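Participant: Pasting the sequence and the predicted model now:
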Amino acid sequence: MLEQINLEKILFLDIETVAQQPDFELLSEDFKKHWAHKTGIISADSTPEEAYERAGIYAEFGKIVCISVGFVKFEHGEKTLRIKSFYDDDEQVLLTNFFALLNQYFNTRDHLLCAHNGKEFDFPYIARRGLINGMSIPDLLDLAGKKPWEIPHLDTMQLWKFGDYKNFTSLSLLTTVFNIPTPKDDIDGSMVNQVYWQDKDLPRIANYCQKDVVALAQLFMRFRNEPLIQDENIIIST
């Protein structure tokens, strides 16, 4: 089935998110109450203040600071992977630019979005933050009224599950399992909030996000039993 999909119709993506504020005390009183309630549900071992660094994983309490995308092109008989990142402190600016890409270039029924754990995290998070910012949701993200087989989303974690609902496998583990070379980076997902709010190094986060998109696309090649895209054919747009 995967072998029948046109690679040039897939947009591979990954997002990085952070808490909306650098510190719990900067939240409004209403948001403090809601976060305290949320914290009580997700963890009884930490206070709302201690847990706030993890607020970025929830669209109601976080924001997107980077969306990196990649798309495959066949050039001179070889597969190339072109990578581009949208990142900005202003989430609305970031989403406006990303939605413009979807609306202009990925807007037909045979286009697909692909992410790792995208169905539970990346895709709904982007759509929710778009609505919160008062924006119209591009068709590839708007699931209202669509039947399950009409949803244009690929999820490499779901594909790896093969129907096993209790299994969670990280992208990092799968790149190791499939012997996909990935550069060792100086940060991981748990550090993004700190790098953003304390180090104020958004380009560093974008660089990390781009590497995950490369790993995602390479994993998809393995799922299709195809050779990996050569390093010299991976082009990162500046």
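Facilitator: Noted; the coordinates are in hand.
Participant: hang on, residue 164 in a strand?
Facilitator: No. Judged by DSSP: H, G, I helix; E, B strand; the rest coil, residue 164 forms no part of a strand; its state is coil.
Participant: Show me what counts as buried in the longest helix seen in the chain.
Facilitator: In the chain, with assignment by DSSP state H, the single longest helix is helix 202-223. For helix 202-223, burial by neighbour count (16 or more other CB atoms under 10 Å) applies to 202, 204-223. C-beta here means a position set from N, CA and C on the backbone, and glycine is covered the same way.
Participant: Next: stretch 31-45.
Facilitator: Quick answer for stretch 31-45 (16+ other CB under 10 Å): 31, 32, 35, 36, 38, 39.
Participant: could I get those as TSV with secondary structure, pLDDT and distance to residue 56?
Facilitator: Listed next are these as TSV, based on DSSP: H, G, I helix; E, B strand; the rest coil; pLDDT from 0 to 100; distance: CB to CB, whole Å:
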residue	secondary structure	pLDDT	distance to residue 56
31	helix	96	14
32	helix	95	17
35	helix	94	12
36	helix	92	17
38	helix	90	13
39	helix	87	14
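Participant: so which of the residues you listed comes closest to residue 95?
Facilitator: residue 31 (20.7 Å; CB to CB).
Participant: before we move on, back to that, what is the subsequent helix or strand relative to the longest helix of the chain?
Facilitator: Counting by DSSP states H and E, the element after helix 202-223 in chain order, helix or strand, is strand 234-236.
Participant: what bits of the protein have low per-residue confidence?
Facilitator: Residues of the chain meeting the criterion pLDDT under 70: 42-44, 184.
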